[in-house]
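**Q** Structure for the following, please:
(chains A and B)
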Amino acid sequence: MANRALGGFRWVGNAVAPSVAEPPIVIRPVADDFAVQLSIGDPVKLISTGYIEDADPGDDVFGIFAGAEQYFDGDVIRKGGKIPADTSYDTNFARQTLARIIPVRDQLFDCDADTALTGGAWSDWLAIVGENVEWQTGTAVGDHSGVTLDISGHATTNTFSVRIDSIPNRDMQDLAAARVKVRCKFNLVQDVGSGAILGT
Amino acid sequence: MSTTITTSTAYRTLKATIDSVITDNSDSVESSLVCKKFMISETMPDAYVDDLEVGGPGLATERNEGQALDVMTLYEGAQTRYWSRKFGLIMEITEELDEDGKYNDRYLKISRRMKRAIFKTLEQDCANILNRAANSAYVGGDGVSLASASHTIPGGGTFSNTLATPASPSRIALITVVQNVSILPGHDGLREGYKVKKIVHPYTQWGVWKGILGSEKVPESGNNETNVVNGMGFEPIMVPFWDASDTNWGAITDADDGLKLKWKRKPKSRTWYEEATEVIKHGSSARWARGWSNARGFYFSNA
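**A** I've put the predicted structure just below:
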């Protein structure tokens, strides 16, 4: 069977509270004229100015973008799935761009592997559970992120962003093909509450 | 599950500006299931159930006058265990979207989407038996894959339910399969005379099978010979999720306890409300097991 291509990190549950069937949501502002589009499923970081920015692979991640609480489209304030690049509100903070964010700490996400895993057998996948992997940017589709996992780079390297938690729904995936859904947690978590250093 | 559906992600539905919401059909999704056509549908009362194969005694022996008759026995074969597996999902929407969405009956229609998801999952799960028919990582009670030349017979011996020389769909290949099926040994090792009832195949073979089964004469002999497989009542079944191969195909026979779907619980849905976040949650799940207890119910061409 072909694995469906989905982009970005998709929240699936809480790693420490299994009965919590709802993601935590915080609202954070995005800087005026921020130059990068934010799409549902994109990892974001919190910067020292208090704004949210897109994270780069290898950055400490604050959360996953889950939609636009509001932004000014040049005419009116609106909601949306994504926040377009260069969204401008100047100093009119009633029009400020606000992002809905799922903080990644203690949360579980599914993300697609970009390519087939070498070997591609169940035992090959089991062998990398617990290892780390880096995510990589991709082309957004509609309102949704194009982020995938660079699965060929899996390693025990502790500076990779994501830890592989498990392979969900084993029997319904083609484990030898690209786009296997990988359940993961974030290693490199930007967490103000624990005293971690903010991104810059 | 993914994240909650909110007025942000569904912002296009907050005003009545849309003519049609284009989405998947969720009508008659249960009644149109293809897996019901090639799987035997049963229920299971417990968390797991076992099917046990037993064979014997075999042929009676000829004895002379006054001699005692031979004592024969039974032989136990494979035991096949069916564990119920649960499949399910949750979808959730905010109360704001419930209040403000102008197309919730068409855009969200969550209960119908979840029902579709469950039954499509069932279709995929059942089709995976065919996708993995010759995959030695997926075995039945006798320790071999569904399609194998090493199926065990109680008490000793083996039989094959796969063509020794795989053949693409053709009249001759089907004739060979009909012959091979009819001489398959029963559980006591004796020929049973099983019959082919249905042909299962990927979508890509629909036209080939239409011609093979529907032609009155044999095209390859200049239409001078009767097509013997026409009129035998073989039902071709296109399996939509059989996508591991375009060239494999198989036959469903009249042997008992072939491919089985055992329902532990039909799909169940519920709706609840999270007071703190004012989110409406819809959950649906079902429990089933599937597999095969008697590989004689299927004959495969690994073409």
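**Q** mind checking pLDDT for the closest residue to chain A within chain B?
**A** Closest residue of chain B to chain A, Cβ to the nearest Cβ: B:Ser8 (3.4 Å). Quick note: C-beta positions are derived from backbone N, CA and C, even for glycine. Per-residue pLDDT puts B:Ser8 at 94.
**Q** Please tell me how far it sits from A:Asn187.
**A** 28 Å (Cβ to Cβ, to the nearest Å).
**Q** between the two, which one's more packed in?
**A** B:Ser8 (26 against 17; other Cβ atoms under 10 Å in any protein chain shown).
**Q** What spatial separation is found between that one and B:Thr94?
**A** 9 Å.
**Q** And for B:Ser28?
**A** Counting by Cβ to Cβ - B:Ser28 and B:Thr94 are separated by 31 Å.
**Q** Would you mind finding the longest strand in the chain?
**A** You didn't pick a chain, so chain A it is. strand A:63-72 (DSSP state E).
**Q** Actually, chain B is the one I wanted.
**A** Per DSSP E, chain B has its longest strand at strand B:259-274.
**Q** quick revisit: let me see the contact set for the spatially closest residue to the residue of chain B closest to chain A that is not a sequence neighbour.
**A** Distance criterion Cβ to Cβ, 6 or more residues apart in numbering or on different chains; nearest residue to B:Ser8, sequence neighbours excluded, is A:Gly67 at 3.4 Å. Residues near A:Gly67 by Cβ atoms under 8 Å, 6 or more residues apart in numbering or on different chains: A:40, A:79-81, A:99-100, A:143, B:3, B:6, B:8-9.
**Q** These into CSV, with extra columns for secondary structure?
**A** Listed next are the contacts of A:Gly67 as CSV, based on DSSP: H, G, I helix; E, B strand; the rest coil:
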residue, secondary structure
A:Ile40, strand
A:Lys79, strand
A:Gly80, strand
A:Gly81, coil
A:Ala99, strand
A:Arg100, strand
A:Asp143, coil
B:Thr3, coil
B:Thr6, coil
B:Ser8, coil
B:Thr9, coil
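**Q** now, which of the residues you listed sits nearest B:Glu225?
**A** B:Glu225 lies nearest to A:Asp143 out of the contacts of A:Gly67, by Cβ to Cβ, at 61.0 Å.
**Q** Please report how far that closest one lies from B:Arg85.
**A** 33 Å.
**Q** Quick check: residues of chain B near chain A?
**A** B:1-4, B:6-9, B:11, B:14, B:90, B:92, B:121, B:124-125, B:127-128, B:131, B:137, B:241, B:243-244, B:274, B:277, B:279, B:281, B:283 (Cβ under 8 Å from any Cβ of the partner chain).
**Q** Counting only helices, which of those make the cut?
**A** B:121, B:124-125, B:127-128, B:131 (DSSP state H).
**Q** Narrow the residues you listed to those that are buried.
**A** Buried subset of these (neighbour count, 16 or more other Cβ atoms under 10 Å in any protein chain shown): B:121, B:124-125, B:127-128, B:131.
**Q** sorry, back to before: tell me which of A:Asp143 and B:Arg85 has more neighbours.
**A** The residue with more neighbours, out of A:Asp143 and B:Arg85, is A:Asp143; 21 against 13, by other Cβ under 10 Å.
**Q** May I have the distance across stretch B:207-221, first residue to last?
**A** 20 Å (Cα to Cα, to the nearest Å).
**Q** contacting residues for B:Glu96?
**A** B:Glu96 touches B:6-7, B:278, counting by Cβ under 8 Å, 6+ apart.
**Q** most neighbours, which of those?
**A** B:Thr6 leads the contacts of B:Glu96 on contacts (other Cβ under 10 Å) with 22 neighbours.
**Q** wait, isn't that one in contact with B:Leu97?
**A** Yes: the pair B:Thr6 and B:Leu97 qualifies as a contact (Cβ atoms under 8 Å) at a distance of 5.9 Å.
**Q** which residues touch stretch B:145-158?
**A** B:53-56, B:58, B:74-78, B:129, B:132-136, B:138-140, B:142-144, B:159-162, B:164, B:185, B:187-189, B:250, B:292, B:295, B:298, B:300, B:302.
**Q** could you pull out the helices for the stretch 151-300 of chain B?
**A** B:171-182, B:206-214 (DSSP state H, counting those that start in this stretch).
**Q** List the residues that contact residue 177.
**A** Let's take chain A. Contacts of A:Ala177 by Cβ under 8 Å, 6+ apart are A:2-3, A:116, A:120.
**Q** that answer is for a different chain, and I need it for chain B
**A** Per Cβ under 8 Å, 6+ apart, neighbours of B:Val177: B:163, B:196, B:251, B:299, B:301.
**Q** could you redo the last one with a cut-off of 6 Å?
**A** B:251, B:299 (Cβ atoms under 6 Å, 6 or more residues apart in numbering or on different chains).
**Q** A:Ile151 now?
**A** Neighbours of A:Ile151 in contact, by Cβ under 6 Å, 6+ apart: A:113, A:117.
**Q** Backbone dihedrals for it, please?
**A** Dihedral pair for A:Ile151: phi -70, psi -30, per degrees, to the nearest 10.
**Q** quick one: pLDDT of it?
**A** 97.
**Q** Would you quantify the distance from it to A:Ser161?
**A** Taken as Cβ to Cβ, the span from A:Ile151 to A:Ser161 is 13 Å.
**Q** B:Asp98 too?
**A** 36 Å.
**Q** Look at those two and report which has more neighbours.
**A** A:Ser161 (23 against 15).
**Q** and the closest residue to the more buried one other than its chain neighbours, how many neighbours?
**A** Nearest residue to A:Ser161 in three dimensions, chain neighbours excluded: A:Leu188, at 4.9 Å (Cβ to Cβ, 6+ apart). A:Leu188 is flanked by 22 other residues according to other Cβ under 10 Å.
**Q** How much space separates A:Leu188 from chain B?
**A** 21 Å (Cβ to the nearest Cβ, to the nearest Å).
**Q** which one in chain A is furthest away from the centre?
**A** A:Asp75 (29.7 Å; Cα atoms, centre = their mean).
**Q** so that residue is in which element?
**A** Using DSSP states H and E, A:Asp75 falls within no helix or strand.
**Q** And the strands in chain A?
**A** A:10-14, A:26-29, A:43-46, A:52-54, A:63-72, A:77-80, A:98-103, A:107-112, A:132-133, A:135-136, A:148-149, A:162-166, A:181-186.
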